[in-house]
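Visitor: Fold the following, please.
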Amino acid sequence: IVTFSPKVFVPLTFACRDRCGYCTFAKDPEAGSKIYMSVEQVIEVAERGRVAGATECLFTLGDRPEAVYPAARAELNDMGFESTVDYLAHCASAVLARTGLLPHCNAGVLTRDELRKLRATSVSQGLMLESTSDRLVDEPGAAHHGCESKRPALRLRTLDLAGELDVPFTSGILVGIGETREERLDALFAIRESDRKWRGHVQEVIVQNFRAKENTGMRDWPEPSLEELAWTAACARLIFGPVTQIQVPPNLTPEPDDAAGGGGGGGPEADDEDDDAVSSTGKALQSVNVAGVSLFGGMVFGSGRDLAVPHLECRDINGVDFVALKDAGFRAVVFDKDNTLTRPYEKQVAADVAAALETCVRAFGIDNVAVLSNSAGLAQFDPEGKVAADMERALGIGFLRHSSKKPAGNCDALVRKFGCDAREMIFVGDRYLTDVVYGNRHGMFTVRVEPFTEEGESTSIRLAKKIEGGALALWKKRPEKGRFDRTPGYKPHPLIPEGKTANDFLLTSF
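Guide: As a prediction, this is how the structure comes out:
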């Protein structure tokens, strides 16, 4: 779901005490020119925005310019204000009273009293954490070198104070300014920690990518790729769950056709050999699974954790007694592809599970075995079913064409294909939050196998697996706890014969 809030921007002052290596907003005051917009200028811009349909007034400004520019201090004194924050509060109050627009203030690092003052005249406030790396402030030539207001501790202090005062707040990170991926994740977790400490005051998290601009210190700095941005946005959604809004500014997306293009290229003159390759951008976009992330967010807060727990776990499909499952009354088997039957993005069954797949096909019949993949056959990435058809020829079993990523979507197509109820099906895959959840949602018997390898997988998938694996380690229960709905090997299913458990379908040698 894409949402937006119509707002008008009011740049109250371009003067700033800092000089970040990437910034094009901050400007030195010019002799003889006003440093701050007047109240009437503010109202004029806000009113034009209101007439055009805006509902919010977003105040943007440099951080405390009076700290380094005597002219700024003098101008504030002439207007009767002690600080930029005082003047901002006055302007926000005037906008609310005279135009009805809702003020939002991005005023930099603030004290408790300043946050309280702005809370009285605005509906929300914001401060980008940007990074938790002091290195970017201390190292010469780094993005924040010499900018003391960019100290992570100071910015986190403002974030905490906003929570203490119940100020609705926006924060976020920058991508590609010299931080490592680990530092990026540290920053996202730091925002989440503050949000949880103060009962959820962070209403929006911005994931903003760096763009190189002329006349800045970082004009020759490499920009992050679309894959890197997609990876970070996916991590943010996994970290914050389904409630917090995640914003990726569309005007800064590092591809002219935006993420919806699925990786670009591929026009009529494209090399035919490219048809067999999955671009790194395509992999990144395939790995952003909104339904899986949303379900995970609900599970984090305690709802539906049993859906992520499989009936059976084993190293690979060699450990599954398919013959016994058929004898118990199961009528069909659905496999995931990558890291279940094949290595990621490959077109042949992994040699070490080929015999087990043949055993399954002999037991159930070729028409009662199929693959449901979040890549091949998914309309978003394989709209004509070309990849699915190629895979069918390569693997020798059917691939379902479908329009929703697991775990979303119904199982009507599977019911039509196999002619049986979903409770008579077995779902086998390596992912807890996609394969296992999908199967359990529809009442199937679920089997989770260990992945063959991480080679060929995008970093976002690897990270998601680590996060879900850690969560499942906490959510699973041992048999003696009596929570069999969360105990692999003991999880109940209506087709498991009386006196037996799911473990009875595990081959003893595995």
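Visitor: need the strands for the stretch 251-400 of the chain, in chain order.
Guide: For the stretch 251-400 of the chain, the strands defined by DSSP state E, counting those that start in this stretch occupy 312-314, 332-335, 369-371, 398-399.
Visitor: most tightly surrounded among the ones you listed?
Guide: When you average the neighbours per residue for each of these (mean count of other CB atoms under 10 Å), strand 332-335 leads with a mean of 26. Just so you know, the C-beta spots here come from the backbone N, C-alpha and C atoms, and that holds for glycine as well.
Visitor: now could you export just the CA positions of the helix or strand containing residue 58 as PDB?
Guide: Assigned by DSSP states H and E, residue 58 belongs to strand 56-61. Only the C-alpha atoms of strand 56-61 are listed here, as PDB (Å, rounded to 0.1, in the frame of the first residue of the first chain):
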ATOM      1  CA  GLU A  56       0.300  19.900   6.500                       C
ATOM      2  CA  CYS A  57       3.000  22.500   6.700                       C
ATOM      3  CA  LEU A  58       6.500  21.000   6.900                       C
ATOM      4  CA  PHE A  59       9.000  23.400   8.400                       C
ATOM      5  CA  THR A  60      12.600  22.700   7.200                       C
ATOM      6  CA  LEU A  61      15.500  24.700   8.500                       C
END
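Visitor: who's in contact with that strand?
Guide: With CB atoms under 8 Å, 6 or more residues apart in numbering as the test, strand 56-61 has contacts from 5-14, 16, 25, 46, 49, 84, 88, 91-92, 95, 99, 101-108, 122-123.
Visitor: related to what we said a few turns ago, with mean pLDDT added, can I get the strands of the stretch 251-400 of the chain in TSV?
Guide: Below are the strands of the stretch 251-400 of the chain laid out as TSV (pLDDT from 0 to 100):
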stretch	mean pLDDT
strand 312-314	95
strand 332-335	98
strand 369-371	96
strand 398-399	94
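Visitor: could those go into a markdown table alongside distance to residue 474?
Guide: Shown next, in a markdown table, are those (distance: least, CB to CB, whole Å):
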| stretch | distance to residue 474 |
| --- | --- |
| strand 312-314 | 16 |
| strand 332-335 | 28 |
| strand 369-371 | 31 |
| strand 398-399 | 34 |
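Visitor: Buried residues of stretch 43-51, list them for me.
Guide: Within stretch 43-51, the residues that count as buried by 16 or more other CB atoms under 10 Å are 43, 45, 46, 47, 49, 50.
Visitor: Grab the nearest non-local neighbour of the fourth one.
Guide: What it means is residue 47. residue 99 (5.4 Å; CB to CB, 6 or more residues apart in numbering).
Visitor: And for the last one?
Guide: Closest residue to residue 50 in three dimensions, ignoring its sequence neighbours and counting by CB to CB, 6+ apart: residue 99, at 5.0 Å.
Visitor: now swap in the second one and tell me
Guide: Computed as CB to CB, 6+ apart, the closest residue to residue 45 that is not its neighbour in sequence is residue 10, at 5.4 Å.
Visitor: Touching, the one you found and residue 46? I think so.
Guide: Yes: taking contacts as CB atoms under 8 Å, residue 10 lies within contact range of residue 46: 6.3 Å.
Visitor: Show me whatever sits in contact with both of these two.
Guide: Counting by CB under 8 Å, 6+ apart, the contacts common to residue 10 and residue 46 are 57, 95.
Visitor: Could you pull out the helices in the stretch 51-200 of the chain for me?
Guide: Under the criterion DSSP state H, counting those that start in this stretch, the stretch 51-200 of the chain carries helices at the ranges 70-79, 84-99, 112-119, 135-138, 152-164, 181-197.
Visitor: so which of these is the most packed in?
Guide: Mean neighbour count (mean count of other CB under 10 Å) peaks for helix 84-99 among those, with a mean of 21.
Visitor: residues contacting the residue nearest to residue 79 when sequence neighbours are not counted?
Guide: The shortest distance from residue 79 to any non-neighbouring residue, by CB to CB, 6+ apart, is to residue 87 (6.6 Å). With contact taken as CB under 8 Å, 6+ apart, residue 87 is in contact with 12, 36, 76, 79, 81.
Visitor: I'd like the distance between residue 87 and residue 343.
Guide: Distance of residue 87 to residue 343, given as CB to CB, to the nearest Å: 62 Å.
Visitor: now swap in residue 160 and tell me
Guide: Residue 160 is 46 Å from residue 343, where distance means CB to CB.
Visitor: what about residue 499, neighbour count?
Guide: By the measure other CB atoms under 10 Å, the count of residues near residue 499 is 6.
Visitor: Report the rounded mean pLDDT for stretch 206-221.
Guide: For stretch 206-221, mean pLDDT is 93.
Visitor: mind listing what's buried in that stretch?
Guide: 206, 207, 208, 209, 210, 211, 216, 218, 221.
Visitor: ok now it, how far from the chain's centre?
Guide: 22 Å (CA atoms, centre = their mean, to the nearest Å).
Visitor: do stretch 478-489 as well
Guide: Centroid displacement of stretch 478-489 relative to its chain, using CA atoms, centre = their mean, is 31 Å.
Visitor: what residue is smack in the middle of this structure?
Guide: Closest to where the C-alpha atoms of the chain average out (CA atoms, centre = their mean) is residue 234, at 2.4 Å.
Visitor: That residue is in contact with residue 248, isn't it?
Guide: No: assessed by CB under 8 Å, residue 234 is found out of contact with residue 248, at 10.5 Å.
Visitor: ok, back up a step: got the angle between the strand holding residue 58 and helix 84-99?
Guide: Interaxial angle, strand 56-61 versus helix 84-99 (axes from the mean of the first three to the mean of the last three CA atoms, to 10 degrees): 160 degrees.
Visitor: start the count at 34, not 1, going forward
Guide: Yep, numbering from 34; the last one is strand 89-94 now.
Visitor: model confidence over strand 89-94, on average?
Guide: 96.
Visitor: Partner strands of that strand and their direction?
Guide: Paired strands of strand 89-94, with direction, are strand 40-46 (parallel), strand 135-139 (parallel) (DSSP bridges).
Visitor: Contacts for the first one, please.
Guide: Counting by CB under 8 Å, 6+ apart, the neighbours of strand 40-46 from elsewhere in the structure are 58, 68-70, 75, 78-79, 81-83, 85, 87-95, 98, 105, 117, 120-121, 124, 128, 134, 137.
Visitor: just the last one next, same as before
Guide: Residues external to strand 135-139 that are found in contact with it (CB under 8 Å, 6+ apart): 40, 88-94, 121, 125-126, 128-129, 151, 154-160, 203.
Visitor: hey, C-alpha coordinates of that strand in PDB?
Guide: What follows is strand 135-139, C-alpha atoms only, in PDB (Å, rounded to 0.1, in the frame of the first residue of the first chain):
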ATOM      1  CA  LEU A 135      -1.000  21.200  10.600                       C
ATOM      2  CA  PRO A 136       2.600  22.200  11.300                       C
ATOM      3  CA  HIS A 137       5.400  19.600  11.400                       C
ATOM      4  CA  CYS A 138       8.800  20.800  12.600                       C
ATOM      5  CA  ASN A 139      12.200  19.400  11.700                       C
END
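Visitor: Can you measure across stretch 434-450, start residue to end residue?
Guide: One end of stretch 434-450 to the other measures 11 Å (CA to CA, to the nearest Å).
Visitor: what distance separates it from the middle of the whole chain?
Guide: 24 Å.
Visitor: Repeat that for stretch 66-78.
Guide: From the chain centre to the centre of stretch 66-78 is a distance of 38 Å (CA atoms, centre = their mean).
Visitor: Show me which residues of that stretch are buried.
Guide: Within stretch 66-78, the residues that qualify as buried are 68, 69, 70, 72, 75, 76, 78, counting by 16+ other CB under 10 Å.
Visitor: with those in mind, which one is nearest to residue 465?
Guide: Taking CB to CB as the measure, residue 465 sits nearest to residue 78 out of the buried residues of stretch 66-78, at 50.7 Å.
Visitor: All set, thanks.
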